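Peer 1: Predicted structure and sequence below. I'll ask about it afterward.
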Amino acid sequence: MLAVIKTGGKQYLVKKGDKIKVEKLPGKEGSAVKFDTLLTTDEKGVKVEIGKPLLKSKVEAKILKQDKDKKLVVVKYKSKTRYTRRIGHRQPFSLVEIEKI
């Protein structure tokens, strides 16, 4: 069974047992979360259910890890004025495992 879920302004195609990295979710490691389902289908893609905009079913998952991504370095530079500025950014994320569709 495949499903399309929506979280953090993005959509993900998932199946049972998948581990996906999503925008940071409230909750601690090991806690359960539920996602709204936009679309479901079987493995062959024969039986498809499309929500208008959502289906009544939910996708259940477990938070495996709350962490920060690799550091991005942003550089501002202006020529002829000796101005350079470096800023680092680490985006927080949650690693979740899909348990039930």
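Peer 2: Yep, it's here. Not measured: the values here are computed from a predicted model.
Peer 1: quick one: the helix or strand of the chain with the lowest mean pLDDT to chain centroid distance?
Peer 2: In the chain, no helix or strand scores lower on mean pLDDT, DSSP states H and E than strand 48-50, which sits at a mean of 82. On the basis of CA atoms, centre = their mean, to the nearest Å, strand 48-50 sits 21 Å off its chain's mean C-alpha point.
Peer 1: which residues touch it?
Peer 2: The contact list for strand 48-50 (CB atoms under 8 Å, 6 or more residues apart in numbering) reads Leu38, Leu39, Thr40, Thr41, Leu55. Glycine gets a C-beta too; all of them are placed from N, C-alpha and C.
Peer 1: likewise stretch 79-86?
Peer 2: Val73, Val74, Val75, Lys76, Tyr77, Lys78.
Peer 1: and the gap between the fifth one and Arg90?
Peer 2: Computed with CB to CB, to the nearest Å, the distance linking Tyr77 and Arg90 is 22 Å.
Peer 1: which secondary structure element contains the spatially most central residue of the chain?
Peer 2: Nearest residue to the geometric centre of the chain (CA atoms, centre = their mean): Val22, 2.3 Å. Per DSSP states H and E: Val22 is located in strand 19-23.
Peer 1: contacts for the next helix or strand after that strand?
Peer 2: Remark: after strand 19-23, the chain's next helix or strand is strand 32-41, criterion DSSP H and E. With CB under 8 Å, 6+ apart as the test, strand 32-41 has contacts from 1-7, 11, 25, 27, 47-51, 53-55, 57-63, 96, 99, 101.
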